[in-house]
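In: next come a sequence and a model predicted from it.
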Amino acid sequence: MSSVNVDLQRERSGASIDSEDFARWWAGGSDKLEERRALERFVFKDAELEEAVHPSCLSYKERYEQTIARSTKFLVKLRQWHSTNQPQFSLSVDSLREFRVLLSGQLGTALFQQSFPLRLHFSMFLTTLLSQGTEEQLHKWLNRAWHMDGIIGTYAQTELGHGTFVRGLETRADYDAESEEFVLNTPSLSAYKWWPGGLGNTANMTIVLAQLYVKGQHHGLQPFLVRIRDEETHQPLPGVDVGDIGPKLGGNGVNNGFLGLRNVRIPRDQMLMKNAQVLPDGTFVQGRPPLLLYGTMVYVRVITLRDVLHGLLQAATIATRYSVVRRQSPIDDNQPEVQILDHITQQVKILPQIARGVCYRLAADWLWNFYASVLDQLERGSGQHSLPELHALSCCLKAVATDEASEGIDRLRKACGGHGFLSSANFDSIYGMATAAYTYEGEYTVLMLQTARFLVRQYTDSLKRRVLPGSVTYLRNTARLSWGKDLAENAARALEISAMEQTRQAWQSQSMHRQRKLSEQQSNNLAGRQLTAAAVAHAHAFLTRNSLQELERLRRGPLSTQVSAVLGQLVELFVLDTFLRQAGPVLRWNSITGTQLRLVERRFEQLLTKLRPNAVALVDGFDFHDRTLGSTLGSYDGRVYERLMAEARRNPLNQEPVNATFRSHLQPMMRGKL
C-alpha cells in the first residue's frame, strides 16, 4: 500500500499552505519537530513494539500482559534515547511534564492506544514526590523512583465512596508517637481506594491521601508514601488488599485498581512533609498553605487540557482524510458523487473541531505558563494571591474541554458513517480516553461549582471596586454590547457579557436564599443551576478572548504569512462557532438583531469555504504518525478500503475457514440433536 489515494494527493497539491510550515509551528520549531520525528523513527523500527493482532481482539487479561511487556521495552528504548540525546537531563516539574508528553502524547499513544499502567508513575507519583517531599525525602526516594529502582508508583486518592469531594475521604492515618509510625486504615468498604492507574497489579508503592489524626485530633488530608507489594516477590504486603477493578469504557491498558489497608504501619518520614509535618513527639506543624496539598490535582487538570486536544485532533485527522477519500451523493445531478467533505454539512461536523483543537492548544500553553509562574512564585514565598484564579481556571477549562472534546470526537466518528463504528477506525479508544478525563481529577459539575464560587466572590469584589484577577476583569465592564464590524470581537464581547450576567444572576439567587435564613451550603445547592451556568459561560468567555489575544501575540512573532492567515481563520471560526453554540444564553443577555445574527452565520459559512481547501494540509501539519492514529480510515496514504479489508482478514476469527462452534453447536442444532 505504498501509493497514496489520488483524491488525498490532489488535496495536498491544491492547498495554499505548506503542511510542513504548519507542522514546524505546531511542534514549537524545526528542532523540536525533527527531534520528535527522530525519536519516533528510533522507536518504531523495533519490530517487538508492533502489534500482531488488533488490541480489540484480545481479552482484558491478555491486553494487560501485552501492555506491560511493551511498556518495559518502550521505557528501555526511551532511556537509551535520553542518555544519548539529553545527557544533562534533570528532574523538575517542567522536565516531568515533557517526559509525560512522550509517554501520553503522540509517541505513547502510538504504542498504547488504551494508555498504559506506568503512566501515573511518571506523572502523579513523581510529580507529587517532587512537589510535596522535603529535601531529605527527595534525596532518599526521588532518584530511585525516576530510575524505577525497586519502585513502581501510583497516586491513591479517590475512594469507592468519595471522589472529587476530597474532604470526605475516609482513609485515615493515626500517628503512634511511641514507635514513630503512622498506622493506615480504610475503615469501611467505601473507604477503599478505587481507580488509581497501575494500582491493580503493577505498582508496588503508592502515595496515599489520608486523614491525619494525632492523639485523636484531626489535621486534615496529608500524603503518605506506602509500600503495598514486596519489592522482590511483588506479593501484597500484610494488611494490604489490592487488585484490578476490571474492564472500562476506555483506557483498558491502565490497570486501574482498588486498595484496602488494615493496620499498615509506615515510618514517620514517609509522610511527605514539605507543606506540613509531624514531629517525633506528635506535634503537628503546618508550613505552607493547606491548599498546596492539592497541587497534584491542579497539575493534572492543567495538563489534561493538552491531552484532550490531542485526542480531538487525532479524531479530526481521521475524519478529514476519510472525508476526502469517501465519495457520496452528487451535489450536481449531472456530475458523479463528490468527496463528502465538499458537502457543507460535513464541513460543519469537522472544521470547527479542528479550530477547537487549535484554540485549546493556545489555552493549554497559556495555562501551563500561568501554572509555572504561580509555582515559581510559591517557591519564593509569594504567589498565594494567584492560587484561587489558577484553581478556578484549571477547574472550568478542564471540565469544559473534556466535555466538548468528548462530544466532538463522537461527532467526528459519526461523520465517518458506519466505518467509523469499527474498532479498527480507532474512535473507540480515542473517545474512551477523552471521556475518562471528563471525570478523573474532578467530576464536571463539582469543578464547575468550584469555579462558580470563585466567580461570585470576584463579582462581589467588583461591586466594591477591588482589583480583579486578569481572567475576570470583564465582570466590572457593565457596558452593553456595541455591535461593530469585527464579528469575532462582537462574539467574544457578547460571551463576556453573558458570563457577567450569569454570574450576577447566580449571586442574586444565592443572596435570595440566604435572606430566607438558609445556610451557605443550602443556598449554593438551590442556586446550583445558575452557578454551573456561570462557570460554563466563564470558560467560553475566557477561551474565546484568550484565542484572540494569543493570535495577536503569535502574529508579532516569526509566523509565516500563510500560517498566520490560516490561524486567523481557525481562531475566528472557533469564536463564531462558540458564539453560535451558546446562542441561548448569548441572546438572553444581549440585544442582537436577526440581521446581526445572520451576519455571524454567513461569516461562519464563509470561513468553512476558506478552510476547506486546506483541511488536509492542516491535519497533516499536526503530524500524527499512522501508528499514533491507529486507524484504517485515517492513514496518511488514504488507502481506506484496502486497509479495512486487510484488518478484517487479520481478525483471528478469519484464520480458519470453519470455526469449531459449527461442529459443537450449529450443526447439531440444524440436525435437531441439541
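Out: Thanks, I have it. Numbering: from 1, shown residues only.

In: from Val400, how far off is Ser406?
Out: 11 Å (CB to CB, to the nearest Å). For every residue, glycine as well, the C-beta is placed using N, CA and C.

In: residue contacts, the closest residue to Arg265 other than its chain neighbours?
Out: Nearest residue to Arg265, sequence neighbours excluded (CB to CB, 6 or more residues apart in numbering): Glu181, at 4.6 Å. Contacts for Glu181 (CB atoms under 8 Å, 6 or more residues apart in numbering) come out as 175, 265-268.

In: which one of those has the most neighbours?
Out: Among the contacts of Glu181, Tyr175 has the most neighbours (other CB atoms under 10 Å), with 24 neighbours.

In: pretty sure it contacts Gln211?
Out: No. At 11.7 Å, Tyr175 and Gln211 do not qualify as touching, with contact defined as CB atoms under 8 Å.

In: what helices and strands are in contact with the longest helix seen in the chain?
Out: Across the chain, the longest stretch assigned as helix under DSSP state H is helix 344-379. Judged by 3 or more CB pairs under 8 Å, 6 or more residues apart in numbering; DSSP states H and E, the packing partners of helix 344-379 are helix 93-104, helix 295-325, helix 387-414, helix 528-555, helix 561-581, helix 594-611, helix 615-621.

In: how about residues contacting whichever helix or strand comes after the third one?
Out: Meaning helix 387-414. Sequence-wise, the next helix or strand downstream of helix 387-414 (DSSP states H and E) is helix 427-437. When contacts are defined by CB under 8 Å, 6+ apart, helix 427-437 is touched by residues 55-56, 113-115, 248-252, 304, 307-308, 311-312, 314-315, 318, 398, 402, 405-406, 409-410, 412-413, 416, 420-421, 423, 630-631.

In: where does pLDDT dip in this protein?
Out: 1-2, 87-90, 93-94, 100-105, 288-294 (pLDDT under 70).

In: show me how the record splits it into domains.
Out: Here the domain parsing of the chain from automatic domain parsing is 119-126+133-292, 444-621.

In: end-to-end on the last one?
Out: Right, domain 444-621. 31 Å (CA to CA, to the nearest Å).

In: then stretch 579-597?
Out: 10 Å.

In: that stretch: how far from the chain's middle?
Out: 30 Å (CA atoms, centre = their mean, to the nearest Å).

In: just checking, what packs against the strand or helix carrying Arg457?
Out: Per DSSP H and E, Arg457 falls inside helix 444-463. If you count contacts as 3+ CB pairs under 8 Å, 6+ apart, helix 444-463 packs onto helix 387-414, helix 487-515, helix 528-555.

In: redo those as TSV? Include distance to Asn185.
Out: Shown next, in TSV, are the helices and strands packed on helix 444-463 (distance: least, CB to CB, whole Å):
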stretch	distance to Asn185
helix 387-414	30
helix 487-515	39
helix 528-555	34
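
In: with respect to burial, which of those scores highest?
Out: Greatest average neighbour count among the helices and strands packed on helix 444-463 goes to helix 387-414 (a mean of 24), per mean count of other CB atoms under 10 Å.

In: for it, name the packing helices and strands.
Out: helix 295-325, helix 344-379, helix 427-437, helix 444-463, helix 528-555.

In: now that helix, how far from the chain's geometric center?
Out: 8 Å.

In: quick one: Leu518 is in a strand?
Out: No. Applying DSSP: H, G, I helix; E, B strand; the rest coil, one finds Leu518 to be coil, outside a strand.

In: quick check: the gap between the closest residue to it other than its chain neighbours and Arg516.
Out: Closest residue to Leu518 apart from its sequence neighbours, by CB to CB, 6+ apart: Leu526 at 7.3 Å. For Leu526, the distance to Arg516 equals 9 Å [CB to CB].

In: if you count surrounding residues, which of the two has more?
Out: Neighbours per residue, other CB under 10 Å: of Leu526 and Arg516, the larger number sits with Leu526, 16 against 9.

In: for that one, give me phi and psi.
Out: For Leu526, the backbone dihedrals are phi -70, psi -30 (criterion: degrees, to the nearest 10).

In: so who does it touch?
Out: 509, 513, 518.

In: please apply the same query to Thr134.
Out: Taking CB under 8 Å, 6+ apart as the test, what Thr134 contacts is 272-274, 277.

In: distance to Ala646, secondary structure and neighbour count for those - can I get that in a markdown table?
Out: Rendered in a markdown table, the data for the contacts of Thr134 read as follows (distance: CB to CB, whole Å; DSSP: H, G, I helix; E, B strand; the rest coil; neighbours: other CB atoms under 10 Å):
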| residue | distance to Ala646 | secondary structure | neighbour count |
| --- | --- | --- | --- |
| Leu272 | 51 | coil | 23 |
| Met273 | 57 | coil | 20 |
| Lys274 | 54 | coil | 20 |
| Gln277 | 60 | strand | 17 |
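
In: these into JSON lines, with extra columns for distance to Met148?
Out: Converted to JSON lines, those look like this (distance: CB to CB, whole Å):
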{"residue": "Leu272", "distance to Met148": "19"}
{"residue": "Met273", "distance to Met148": "24"}
{"residue": "Lys274", "distance to Met148": "23"}
{"residue": "Gln277", "distance to Met148": "27"}
